[in-house]
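Peer 1: any chance you could fold what I've pasted below:
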Amino acid sequence: MIYGAMKFSLGGSLKLAFRPWVEGIENVPTEGPAILASNHLSFSDSFFLPAVLDRKVTFIAKAEYFTSPGVKGKLTAAFFKGVGQLPVDRSGARGAGEAAIKSGIEVLERGELFGIYPEGTRSPDGRLYRGKPGGLARVALATGAPVIPVAMIDTEKVQPPGKIVPKMIRPGIRIGKPLDFTRYQGMEGDRFILRSVTDEVMYEIMKLSGQEYVDIYATAAKRQIADEKKKAEGEAKKAEGPGKGKGHGTDGPGKAEAGA
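Peer 2: Presented below is the predicted three-dimensional model:
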């Protein structure tokens, strides 16, 4: 009941305000389990996709969203529960992965839709990154549920990372045809099969989204970007010289003489 109320209020507001366009909505089954595997451009992806579907979609969310103290924390927890998100403790990488897989299997065994981002995190620059082989492939092979590739379009422009106020632009969603991996059931322990399944899904997402594909993990790309930024800042400070701000740089004596 809480989900229905949240979906009606939030989903209706999103559709009215942003008017997201959708292609391929007929590819989502009207009943039965299915995995919606999407690229990840923005925090808002988990809201726009459920907003355009008639069925409930359950995503995994950080446990911190459900355990923060105070009034704001309680409101945040109620909001995420209301929109169908499940908490997963991500303090330990392996434990988090196992918890997400277990949660996904439980959702699908109830005959519902499970949403997952194979990249594991948001793209740092709008490009599509290598899918992580653990979660998506293992859940698909354990349940036999079809995998439906999804491409979010321009959602990163609606609410760029670090921005609170969204821009009023029209995002899009392309939904591809279901992929059947039942031929690999029982082979969840084969890392080559897991990699193959994941890469096939990522290829379909790439075709739908039109994104440039980068064959590294998004987490590694974020580290590279952070390291490059830190290096650039260090070089900039070095170029400024030790005298900046102490009256010994180019802004010191010259200005004093000019004003004399």
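Peer 1: distance from stretch 193-211 to the middle of the chain?
Peer 2: Counting by C-alpha atoms, centre = their mean, to the nearest Å, stretch 193-211 is centred 15 Å from the centre of its parent chain.
Peer 1: stretch 17-37 now?
Peer 2: Worked out by C-alpha atoms, centre = their mean, stretch 17-37 lies 17 Å from the chain centre.
Peer 1: quote the end-to-end distance of that stretch.
Peer 2: Stretch 17-37 has an end-to-end distance of 25 Å (C-alpha to C-alpha, to the nearest Å).
Peer 1: can you pull out the helices in the stretch 1-150 of the chain?
Peer 2: Taking DSSP state H, counting those that start in this stretch to define them, one finds helices in the stretch 1-150 of the chain at 2-6, 12-18, 45-52, 64-67, 70-82, 93-109, 135-143.
Peer 1: now tell me which of those the model trusts least on average.
Peer 2: Within these, confidence is poorest for helix 2-6, with a mean of 53 (mean pLDDT).
Peer 1: could you find the closest non-adjacent residue to the most centrally placed residue in the chain?
Peer 2: Taking C-alpha atoms, centre = their mean, the centroid of the chain lies closest to His40, which sits 3.5 Å from it. Distances taken as C-beta to C-beta, 6 or more residues apart in numbering put Tyr117 closest to His40, at 4.0 Å, once the chain neighbours are dropped. All C-beta spots, glycine's among them, are computed from the backbone N, C-alpha and C.
Peer 1: what pLDDT is listed against that neighbour?
Peer 2: pLDDT, Tyr117: 93.
Peer 1: again, but for Glu240
Peer 2: Reported pLDDT for Glu240: 82.
Peer 1: and it, how far from Phe114?
Peer 2: Glu240 sits at a distance of 52 Å from Phe114 (criterion: C-beta to C-beta, to the nearest Å).
Peer 1: what do you get for Asp190?
Peer 2: 22 Å.
Peer 1: these two: which is more packed in?
Peer 2: Shown here are Asp190 and Phe114; by other C-beta atoms under 10 Å, Phe114 has more neighbours (28 against 14).
Peer 1: show the contacting residues for the closest residue to that one other than its chain neighbours.
Peer 2: If the residues on either side of it in the chain are set aside, Phe114 comes closest to Val107, at 4.4 Å by C-beta to C-beta, 6+ apart. Val107 makes contact with Pro33, Thr58, Leu86, Leu113, Phe114, according to C-beta atoms under 8 Å, 6 or more residues apart in numbering.
Peer 1: and with 10 Å instead?
Peer 2: If a contact means C-beta atoms under 10 Å, 6 or more residues apart in numbering, then Val107 has 33, 35, 56-60, 84, 86, 113-115, 139, 143, 145 as its contacts.
Peer 1: repeat for Glu23
Peer 2: Ala151, Ile153, Gly172, Ile173, Arg174, Ile175, Gly176, Leu208.
Peer 1: okay, and which of these map to helices?
Peer 2: Those of these mapping onto helices are Leu208, per DSSP state H.
Peer 1: quick check, nearest of the contacts of Glu23 to Pro69?
Peer 2: Taking C-beta to C-beta as the measure, Pro69 lies nearest Ile173 of the contacts of Glu23, at 35.1 Å.
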